[in-house]
Every structure is written in C-alpha cells, then in structure tokens.
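**Student:** 3D, please:
(one chain, ligands or ions: 1)
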Amino acid sequence: MRQVIVAGNWKMNTNKAEGEALVAGLKAGLGETSAEVIVFPPFPYLGGIVAAAEGSSIKTGSQDLYIEDNGAYTGEVSTEMLKDVGCSHVLVGHSERRHVLGECNKMVNKKARKGLDDGMKVVLCVGELIEERQAWQMESVLDEQMSWGLAGVSADQMADIMIAYEPVWAIGTGLTATPAQAEEAHLYLRKWLELHYSSEVAENTRILYGGSVKPDNAAELIGQPNVDGALVGGASLKADSFLGIIAGAG
Ligand code: PGA
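**Tutor:** Okay, here's the model as predicted:
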C-alpha cells in the first residue's frame, strides 16, 4: 500500500512571515491525516520553515540543489547545506527549471543522483508540453525524461525516488488534466518502472500528479488507481486550500 503524498511547491512566492504563518495554519488544521505532507519553500526560508513545522509531521524540501559538495559555484546550494537546515526532500526536473531556466535532462539526472547519493529523497518531475501531447508524443517524452532522469539510479535507490507527472500545459493554467488523462500517464509511468526496474519497484514507487490541483479536483485525481498524491503549486499557498487538498487525499 503506497502512502499518499500531498506536496506544496511554493515556487518563488511568500515572504518569511507568510511562509511561517502558512505552516502554522497547516499544523493547526492538519488533524489525523494519513497523507505524507511536504512543503517546498524558497531557499532563504527553509530553516525558518523547518522550525515552524517542528512538532508536526510536515516535512520540508528544497526546490533545487547543486551537484557539487562545495566551492566556487556562486549562487548554488549543496545537499549538505540543505540537510544542515533540516531538509529531507528535493524537487528535481521541475518544468520551470527545464523550460524557463533551460535545465537539460543530463543536469536533471546529475541532480537526482547527487540528492540520492547524499541521502535525500528526490521528487523527479516529468511531463510533456501541449505541442508534444497534440503530436501524440506524450509517451516518448515521458520515456526520454524517465530514461535520462533515472540513468544510473539503482533499484535500491528507487526507494528514495518519487515521480511527479506534471503536464506542462496544466501547470499554473487552471487546465487540470482529467482524472482519465492523469491515470493514463501514471499507468504508462508505472509500466515504465516495471519494464526498466521490476514489478516491486513499480508497485512501491509513488507517482504524484501536478498541474492545477485544487480542493475541488484533488479527491477525484488522487482517487485514480495509479495516482499516489499531488504536487501542488498555486493552491498550496493558502492553508485552507492546501488543507482541502489534503482532506481530499483521504
Ligand atoms: P500549479 O503548479 O498547481 O500552480 O499548477 C504545480 C507545480 O508546478 O508543481
């Protein structure tokens, strides 16, 4: 039985006080959820958010990492720094890093492996552009991003990987994939894991859906057999809506 995950990707939003108030609101409203809850705040606020989440089951992750241990890499942040401030998880390959910041599959793979090698839990994001979907290329794009992203990742290390399927056309657009579209892509990804690893890895790996998840569509999306949770952007920035999604996750 895969534990459902509800993760909030705050992107470049909130300030210190807003982020800490958001976590306080989540703590107050969380109650007895069976979901694993993770928030991904901006770098400067990570330590404060870890402290704010103390005494709750809320985990804190970072939105990125760099592939070297330390040294002359101006502007970058290492896994040791992230772990030092209490981060357990990291997002890798988010579509905004791929398509806005120009991050290539090879770098996504290096980041995924660096996170895993250094004991972090890695959320590998994959997803097709609208042109690719319209050209019936969804599966080939997912295959390419999975093959590159997981190159050199062992079956044992897969225990620390979560996949997030985020169709780029659904991110921040209000255009959510239908539950059937999400399920189709997730089933493809699960079969991919079976083919390239094993049925055990396929069975155990959590695959999250991301792209305009809201309280009113979360339950139906997460209710699909191969959807194991949600990676939420906009709707994770208000305690009420994020709690609504967590409630929908069961
Ligand atoms: P959204 O973002 O929920 O605002 O569409 C999802 C994401 O980018 O992870």
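**Student:** List the buried residues in the lowest-mean-pLDDT helix or strand in the chain.
**Tutor:** Sorting the helices and strands of the chain by mean pLDDT, DSSP states H and E puts helix 130-134 at the bottom, at a mean of 94. Within helix 130-134, the residues scored as buried using 16 or more other Cβ atoms under 10 Å are 132, 133. Quick note: C-beta positions are derived from backbone N, CA and C, even for glycine.
**Student:** Stretch 26-37 now?
**Tutor:** 26, 27, 30, 33, 35, 36, 37.
**Student:** Return the subset of the residues you listed lying in helices.
**Tutor:** 26, 27, 30 (DSSP state H).
**Student:** picking that back up, flag the least confident of the buried residues of stretch 26-37.
**Tutor:** Among the buried residues of stretch 26-37, residue 33 carries the weakest pLDDT, at 89.
**Student:** what's the closest of the ones in helices among the buried residues of stretch 26-37 to residue 111?
**Tutor:** Of all these, residue 111 sits closest to residue 26, with 27.0 Å by Cβ to Cβ.
**Student:** ok, the closest one - contacts?
**Tutor:** Contact analysis of residue 26 by Cβ atoms under 8 Å, 6 or more residues apart in numbering lists 37, 39, 56, 58, 239, 242, 243.
**Student:** Can I get these in TSV including secondary structure and distance to residue 156?
**Tutor:** Shown next, in TSV, are the contacts of residue 26 (DSSP: H, G, I helix; E, B strand; the rest coil; distance: Cβ to Cβ, whole Å):
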residue	secondary structure	distance to residue 156
37	strand	26
39	strand	27
56	coil	30
58	coil	27
239	helix	37
242	helix	32
243	helix	35
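**Student:** mind exporting the least confident helix or strand of the chain as CSV, just the C-alpha atoms?
**Tutor:** Output of helix 130-134 as CSV, limited to C-alpha atoms (Å, rounded to 0.1, in the frame of the first residue of the first chain):
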residue,chain,number,x,y,z
ILE,A,130,1.0,20.9,-25.1
GLU,A,131,2.5,20.6,-28.6
GLU,A,132,4.0,17.3,-27.7
ARG,A,133,0.7,16.0,-26.4
GLN,A,134,-1.1,17.2,-29.6
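**Student:** Output the contacting helices and strands for the next helix or strand after that helix.
**Tutor:** Using DSSP states H and E, the next helix or strand after helix 130-134 towards the C-terminus is helix 138-149. Under the contact criterion of 3 or more Cβ pairs under 8 Å, 6 or more residues apart in numbering; DSSP states H and E, helix 138-149 touches helix 105-117, strand 121-126, helix 179-196.
**Student:** that older thread, name only those of the contacts of residue 26 that count as buried.
**Tutor:** Neighbour-count burial (16+ other Cβ under 10 Å) applied to the contacts of residue 26 gives 37, 39, 58, 239, 242, 243.
**Student:** out of these, who's nearest the ligand?
**Tutor:** Nearest to the ligand among the buried ones among the contacts of residue 26, counting by Cβ to the nearest ligand atom, is residue 242 at 10.5 Å.
**Student:** tell me the contacts of the residue of the chain found nearest the ligand?
**Tutor:** Closest residue of the chain to the ligand, Cβ to the nearest ligand atom: residue 233 (2.3 Å). Contact analysis of residue 233 by Cβ under 8 Å, 6+ apart lists 8, 9, 11, 171, 172, 210.
**Student:** Just the buried residues from those residues, in PyMOL please.
**Tutor:** A single PyMOL command selects the buried members of the contacts of residue 233 (16+ other Cβ under 10 Å):
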select buried, resi 8+9+11+171+210
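**Student:** Would you reformat the contacts of residue 233 as JSON lines and include pLDDT and distance to the ligand?
**Tutor:** Formatted as JSON lines, the contacts of residue 233 follow (pLDDT from 0 to 100; distance: Cβ to the nearest ligand atom, whole Å):
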{"residue": "8", "pLDDT": "98", "distance to the ligand": "9"}
{"residue": "9", "pLDDT": "98", "distance to the ligand": "4"}
{"residue": "11", "pLDDT": "98", "distance to the ligand": "7"}
{"residue": "171", "pLDDT": "90", "distance to the ligand": "4"}
{"residue": "172", "pLDDT": "85", "distance to the ligand": "4"}
{"residue": "210", "pLDDT": "97", "distance to the ligand": "4"}
